[in-house]
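> Sharing a sequence plus its predicted fold:
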Amino acid sequence: MSAIKITGQKRLVLVSGRAHMQLAEDIAAELGSELVHTDARTFANGEIYTRFDESIRGCDMFVIQSHTSPINEWLMEQLIMIDAAKRASAKRITVVAPFYPYARQDKKGRGREPISARLIADLFKAAGADRIMSVDLHAAQIQGFFDGPVDHLFAMPVLLEHFRSQLDPANLTVVSPDMGRVRVADVWSDKLGAPLAIIHKRRDPLVPNQVSVHEIVGEVEGRVCLLVDDLIDTGRTIAKAAEALKAYGATGVVVAATHAVFSDPATEILQSDFIDRVVVTDTLPVPEEKRWDRLTVLPIAPLIARAIREVFDDGSVTSLFDGAA
């Protein structure tokens, strides 16, 4: 009776949807690898077709897609790529979604509402995903929506490295724009050695993207305020917060956010006189027409590449963050 012959080694394969090819190429470069070319097309009626140009049988595959506008098209493209990978016998499929789609719909606020973030997790699983990797989920409980490992990466180390060289902690206050971000802002204040302030705001559930600021808890007068949030959509919330901080005597307002959604008219709103600087990462594409002189875009590819390497090598993703969050 002949013994079973074991051949070959694990093979890491990176593929990318069309939403943000630059980020995928940067991740591949960090890993000293190249993207496997994907033949991706959109037919006249809007249907999407994908096919990988080389064999992926038995590989450890990472399917990268940034869920920018039009978000439903890019989500569908990623699902179809996962299905193609499953049917081509990839051994393990990891969804790399730096910005998790529909993350803000993570619970029922009123009756008869969907929990769309859970639906997205179910769709990834049904398509054939074994694992999800994402950066700064809007709500941590989304990790529990997927029946499998979820690597929740934090952009904080990337942003902190930038701010440590730019801001003086002696004159700095870290500000949470609402009660939901207090825990994250608290970690920021610990890391920077700066006090914490909180903005109490109210939002009308019937009017999207509108917010009214009520009061600020904490010391901001005569200080530079660092507003930290996970994403900026239209920018109205951040602009209102910055205006309130300046009204309470802040000498400067700097905004830090991971995901630059920048839905119109965000770029105009964020150039407000109340906001001195905006710093984001490139988890989502920020085209030239959405950039201005007071905007800084930091690269997220090194962080994602390190996480991919740890997953591929069966290492520890948690070790990347030193218990940061």
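Cool, the structure landed.
> Just the strands from the stretch 1-150 of the chain, written as ranges.
Secondary structure of the stretch 1-150 of the chain (DSSP state E, counting those that start in this stretch): strands at 12-16, 38-42, 48-52, 60-64, 92-96, 131-135, 150-153.
> list the buried ones in the helix ranked longest in the chain?
If you go by DSSP state H, the chain has its longest helix at helix 71-87. Buried residues in helix 71-87, defined by neighbour count with 16 or more other CB atoms under 10 Å: 73-85. No exception for glycine: its C-beta is placed from N, CA and C like everyone else's.
> From the residues you listed, pick the one nearest Gly252.
Trp74 (36.1 Å; CB to CB).
> tell me the pLDDT at that closest one?
The score at Trp74 is 98. That number is its pLDDT.
> try Pro302
So Pro302 comes in at 98 (pLDDT).
> re the thing from before, kindly present the buried residues of helix 71-87 as a markdown table, with separate columns for distance to Glu219.
Listed next are the buried residues of helix 71-87 as a markdown table, based on distance: CB to CB, whole Å:
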| residue | distance to Glu219 |
| --- | --- |
| Glu73 | 46 |
| Trp74 | 43 |
| Leu75 | 43 |
| Met76 | 48 |
| Glu77 | 48 |
| Gln78 | 45 |
| Leu79 | 48 |
| Ile80 | 52 |
| Met81 | 50 |
| Ile82 | 49 |
| Asp83 | 53 |
| Ala84 | 55 |
| Ala85 | 52 |
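> just to revisit the earlier point, so what touches the longest helix of the chain?
15, 17-19, 38, 40, 42, 46, 48-52, 56, 61, 63, 65-68, 93, 95, 97, 101-102, 120, 123-124, 127-129 (CB atoms under 8 Å, 6 or more residues apart in numbering).
> CA atoms only: put stretch 253-271 into CSV for me.
Extracted as CSV, the C-alpha positions of stretch 253-271 are listed here (Å, rounded to 0.1, in the frame of the first residue of the first chain):
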residue,chain,number,x,y,z
VAL,A,253,-10.0,71.7,15.2
VAL,A,254,-8.3,68.8,13.5
VAL,A,255,-10.4,65.9,12.3
ALA,A,256,-9.2,62.3,12.1
ALA,A,257,-11.2,59.6,10.4
THR,A,258,-10.5,56.2,8.9
HIS,A,259,-13.0,56.0,6.1
ALA,A,260,-13.3,59.0,3.6
VAL,A,261,-16.8,58.2,2.2
PHE,A,262,-17.1,61.9,1.2
SER,A,263,-20.6,61.8,-0.3
ASP,A,264,-21.4,65.1,-2.0
PRO,A,265,-21.2,67.8,-0.8
ALA,A,266,-18.6,66.6,1.8
THR,A,267,-15.6,68.3,0.2
GLU,A,268,-17.2,71.7,0.3
ILE,A,269,-18.5,71.3,3.8
LEU,A,270,-15.2,70.0,5.2
GLN,A,271,-13.4,73.1,3.8
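> avg pLDDT for it?
For stretch 253-271, the per-residue pLDDT averages 97.
> Return the residues in contact with the spatially most central residue of the chain.
For the chain, the residue sitting closest to the mean C-alpha position, by CA atoms, centre = their mean, is Phe99 at 3.4 Å. With contact taken as CB under 8 Å, 6+ apart, Phe99 is in contact with Ser66, His67, Thr68, Ser134, Val135, Leu231, His259, Val261, Thr283, Leu284.
> on that earlier part again, so which of the strands of the stretch 1-150 of the chain is the most surrounded?
strand 60-64 (a mean of 27; mean count of other CB atoms under 10 Å).
> That one pairs with which strands, parallel or anti?
Using DSSP bridges, strand 60-64 pairs in its sheet with strand 12-16 (parallel), strand 92-96 (parallel).
> and the angle from the last one to strand 131-135?
Looking back up the chat, that one is strand 92-96. 20 degrees (axes from the mean of the first three to the mean of the last three CA atoms, to 10 degrees).
> Can I get strand 92-96 in PDB? Just the C-alpha atoms.
Extracted in PDB, the C-alpha atoms of strand 92-96 (Å, rounded to 0.1, in the frame of the first residue of the first chain):
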ATOM      1  CA  ARG A  92      -9.500  29.300   1.800                       C
ATOM      2  CA  ILE A  93     -11.200  32.600   0.800                       C
ATOM      3  CA  THR A  94     -10.800  35.700   2.800                       C
ATOM      4  CA  VAL A  95     -12.900  38.800   2.100                       C
ATOM      5  CA  VAL A  96     -10.700  41.900   2.500                       C
END
